[in-house]
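Asker: Model the following, please.
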Amino acid sequence: MKSKHGEVWWTELNTRDPEWAREFYSKAMGWTPFVAAMGDVARAGANV
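Answerer: Residues are numbered from 1 along each chain as shown. Modelled structure (predicted):
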């Protein structure tokens, strides 16, 4: 994956208030949030 200098291409955010964080970063940075479900890392054969 090729990105431009200064371009954010991947980030993760741990927060207790994800709705607030999505709204804040959408307004402050112009980002479009993408919510991805995490896999069940406890299952057998999971890459941890």
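Asker: ok now do the residue nearest to the spatial centre of the chain, which residues does it touch?
Answerer: With distances taken as C-alpha atoms, centre = their mean, the residue of the chain nearest its centroid is E12 (3.9 Å). Contacts for E12 (C-beta atoms under 8 Å, 6 or more residues apart in numbering) come out as none. Quick note: C-beta positions are derived from backbone N, CA and C, even for glycine.
Asker: Quick one: classify it as helix, strand or coil.
Answerer: In terms of secondary structure, E12 is coil; the call rests on DSSP: H, G, I helix; E, B strand; the rest coil.
Asker: Could you pull up phi and psi at it?
Answerer: E12 adopts backbone torsions of phi -130, psi 150, taken as degrees, to the nearest 10.
Asker: And it, what's its pLDDT?
Answerer: Here, the pLDDT recorded for E12 equals 78.
Asker: again with E19
Answerer: Looking at E19, its pLDDT reads 91.
Asker: That one: neighbouring residues, count only.
Answerer: 8 (other C-beta atoms under 10 Å).
Asker: what kind of secondary structure is it in?
Answerer: Going by three-state DSSP: E19 is helix.
Asker: Please tell me how far it sits from Y25.
Answerer: As judged by C-beta to C-beta, to the nearest Å, E19 and Y25 stand 11 Å apart.
Asker: Check the gap between the closest residue to L13 other than its chain neighbours and M29 for me.
Answerer: Excluding its sequence neighbours, the residue lying closest to L13 (C-beta to C-beta, 6 or more residues apart in numbering) is A21, at 5.8 Å. A21 is 11 Å from M29, where distance means C-beta to C-beta.
Asker: Looking at those two, which has the bigger crowd around it?
Answerer: A21 (14 against 9).
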